[in-house]
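Asker: Fold the stuff below for me.
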Amino acid sequence: MNTEKKRNYHLIFSSTLLAVIVIFFASVIKTRNYNLTMHDSVFSGPSLFAAENNQSADLSVNAVARSSTWTKVFDLYDEGITEANYQAYTYDFNVSNNTKDEVDSFNFKLIFNTDVFLASAWNGALEIHQNVNGRELVSTVPDMREFVASDHDLETVTFDGETFINMKAGDYFVYIPSSSMNAMEVPIEPYQGTTPGFILYTRIGESIEESTLELQYKYNRLLTSEPLFWASVVSLALWSIALIIYEITSAQIRKYNTRHERDNEIINESIETFTGFIDAKDPYTNGHSKRVADYTRLIAKQMGFKGEDLDRIYYIALLHDCGKIGVPDNILGKPGKLTDEEFEIIKSHTVQGGEILHTFKSLEHVEDGARFHHERYDGKGYPEGKAGEDIPLIGRMICVADSFDAMNTNRVYRDKLSKERIINEIESNKGRQFDPKIADIMLELIRNGDIAVG
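Answerer: Numbering: from 1, shown residues only. From the prediction side, this is the model:
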C-alpha cells in the first residue's frame, strides 16, 4: 500500500472518529436542551372533564368528580337562607405520563369559570390568586388540610366552623405537586401517573366543567433514550470493525505492530484535539465564561431569541475564550502593563479560539463567538478589523457582555468599577466599541436590576 493511500485511509479513519465524537456530544447537548425545555398544554371543557385520560397527549390531565356529594347552606349576606344552596364536589385530577421519559416536574393552573368555595386539597401546595376589588391577592398554602385563614392574605368565609376560600370566576390557583415520601407526585415514571384531589362547592345546578387548566412540565430524558446517542454507539462499533479489518489487511503488507501503533497515534490525536480545550480551563476562566454566557443569554432574550436559540447562544458565549488555553499564564495574569509583544499574544486567543471550534459543527456559528468578540463597532478591533454590521451578531453581543464583566469584576491590575462608571463607559462607547442597540439593551438590564452590578 503506497504512502498516499495510507494517508487517505488514515484521514478517513480520523475524520470518521471525529464525526462519531461530534454525534455523541450533540446527543448530550440535545438531551440537556430537551430536559431544560418547559412544555405547555391546555385542557378545558370536554378535554379536561372526561371519563378517561387522553392517551394521545404526552402528559395529560382529566378531572373526574366522585359520585358521592353533599350540600351546604351558604348564607353569604345574612339573608336567613335555610335551604341548601351549594353542592360539594370532590374532584380527582388524574395526571398521566404517556411517554417513555420520566416527568421531572410539573404544575398546573386551574382557572375557574364560575364562583366556587375551595374547601380542601391534598398532597401538593396551592398558590392562590384572587381578584378582590381590583387587587390581586396571592398566597401559597402548603397544605389545605391545615389551612389557617389568619396566616394568609386571602378572602375567606366561615360557615358552621369550616373555613372556605372564596374563588370567583376568573380566579385561579396553581397546583405545585409534592415530592415528599408520603405523596411522591414527582417525578412521574414512564407510563405512570399521580392524582391530586380537591373539594370545592358550587351553586346547585352549576359546575366547574367549563374551567381551563394550563399544564407546564419538564422531562428527565436519559441519554440512552436519545436516538443520536445510539447512532454514535453504532457508528463507533462500525468504525471499530472497519479499523480491525484495516489492521488485519495492513498486517499482510507490513508488520502489524507498526501499523497498529501509527493508527493509535492518529486516534489519540483526534480525541485530544476535540477535548483538550475543555480539560485545560482554569477556575478563573470558568467563572468569567459562565458570567459572560449568562449576560449574553439575557441580551439575546431581550432581542427576541427563544428556546433552543437561547441555549445555542449561551453555549457559544461559554466557549468564547477557549483560545486562551494557548496564552501563557504569566501573560494572562500579569498585573502591570503588557508589552507590545505580550499584547499581540493576548490578541491571538481570538484566532486560536476560532480555529479550535472550526470543526464543532453541532453549534451553528460557534467559531464566530470566539473569533470576533474583540472586534469593535468602529472597526478598530481585532483580529480582522471588521466594523458595524459586518461583525457577526454573536460577536457583537459577546463583546458587550465580555466588556461589562471585565468592568464589574476585580482584576489583577485594578479593582472593579462602580455602577455609575460602568454605565458611563457603556454609554460613551456606543457606536465606538459597542453596537448601539446591544449597548442600550445592556444598559436597560443594568438599570432594571436584571444584571447585578457591584
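
Asker: pretty sure Phe106 is touching Leu215, no?
Answerer: Yes. Using CB atoms under 8 Å, Phe106 is in contact with Leu215, at 6.7 Å. Where you see a C-beta, it was placed from the backbone N, CA and C, and this is true even at glycine.

Asker: Name the residue in those two with the higher neighbour count.
Answerer: Under the neighbour definition other CB atoms under 10 Å, Phe106 and Leu215 were set side by side, and Phe106 has more, 25 against 21.

Asker: Which residues are in contact with the more buried one?
Answerer: Phe106 makes contact with Leu59, Val95, Pro177, Val186, Ile188, Leu215, Gln216, Tyr217, Lys218, according to CB atoms under 8 Å, 6 or more residues apart in numbering.

Asker: burial of the first one, as a residue count?
Answerer: This points to Leu59. Counted with other CB under 10 Å, residues neighbouring Leu59 total 22.

Asker: And for Glu427?
Answerer: Glu427 has 12 neighbours, counted by other CB under 10 Å.

Asker: Surely it is in a strand?
Answerer: No. Under DSSP: H, G, I helix; E, B strand; the rest coil, Glu427 falls outside any strand and is assigned helix.

Asker: pLDDT wise, what is it at?
Answerer: Glu427 is assigned 95 on the pLDDT scale.

Asker: For the stretch 251-400 of the chain, give me the ranges with low pLDDT.
Answerer: Counting by pLDDT under 70, the ranges of the stretch 251-400 of the chain that qualify are 253-286, 333.

Asker: In the helix or strand harbouring Ser41, which of the residues would be classed as buried?
Answerer: Here Ser41 sits within strand 39-44, counting by DSSP states H and E. Within strand 39-44, the residues that count as buried by 16 or more other CB atoms under 10 Å are Ser41, Phe43.

Asker: Check stretch 397-411 too.
Answerer: Buried residues in stretch 397-411, counting neighbours by 16+ other CB under 10 Å, are found at Met397, Ile398, Cys399, Val400, Ala401, Asp402, Ser403, Phe404, Asp405, Met407, Asn408.

Asker: Can you classify the residue lying farthest from the centre of the chain by secondary structure?
Answerer: Most distant residue from the mean C-alpha position of the chain: Gly80, 56.1 Å away (CA atoms, centre = their mean). Put simply, Gly80 is coil when judged by three-state DSSP.

Asker: State the distance from it to Gln302.
Answerer: 59 Å (CB to CB, to the nearest Å).

Asker: next one: Arg7
Answerer: For Arg7 relative to Gln302 (CB to CB), the value is 50 Å.

Asker: ok, which stretches of the stretch 51-200 of the chain are strands?
Answerer: Shown for the stretch 51-200 of the chain, the strands assigned by DSSP state E, counting those that start in this stretch span residues 59-65, 71-72, 86-97, 102-111, 116-122, 125-132, 135-141, 156-159, 162-167, 172-176, 193-194, 197-203.

Asker: JSON lines please, covering these and showing mean pLDDT.
Answerer: Listed next are these as JSON lines, based on pLDDT from 0 to 100:
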{"stretch": "strand 59-65", "mean pLDDT": "93"}
{"stretch": "strand 71-72", "mean pLDDT": "91"}
{"stretch": "strand 86-97", "mean pLDDT": "94"}
{"stretch": "strand 102-111", "mean pLDDT": "96"}
{"stretch": "strand 116-122", "mean pLDDT": "94"}
{"stretch": "strand 125-132", "mean pLDDT": "96"}
{"stretch": "strand 135-141", "mean pLDDT": "95"}
{"stretch": "strand 156-159", "mean pLDDT": "92"}
{"stretch": "strand 162-167", "mean pLDDT": "94"}
{"stretch": "strand 172-176", "mean pLDDT": "96"}
{"stretch": "strand 193-194", "mean pLDDT": "94"}
{"stretch": "strand 197-203", "mean pLDDT": "94"}
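
Asker: Identify whichever of those strands lies nearest to Gly379.
Answerer: For the strands of the stretch 51-200 of the chain, the distance to Gly379 is smallest for strand 102-111, at 47.7 Å, taking CB to CB.

Asker: before we move on, back to that, which of Arg7 and Gln302 has more neighbours?
Answerer: Set Arg7 next to Gln302 and count neighbours by other CB under 10 Å: Gln302 wins out with 15 against 10.

Asker: show me the contacts for the nearest residue to the more buried one once chain neighbours are set aside.
Answerer: Computed as CB to CB, 6 or more residues apart in numbering, the closest residue to Gln302 that is not its neighbour in sequence is Ile441, at 4.8 Å. The neighbours of Ile441, taking CB under 8 Å, 6+ apart as the test, are Ile299, Gln302, Met303, Val400.

Asker: Tell me the one of the contacts of Phe106 nearest Thr71?
Answerer: Val95 (29.0 Å).
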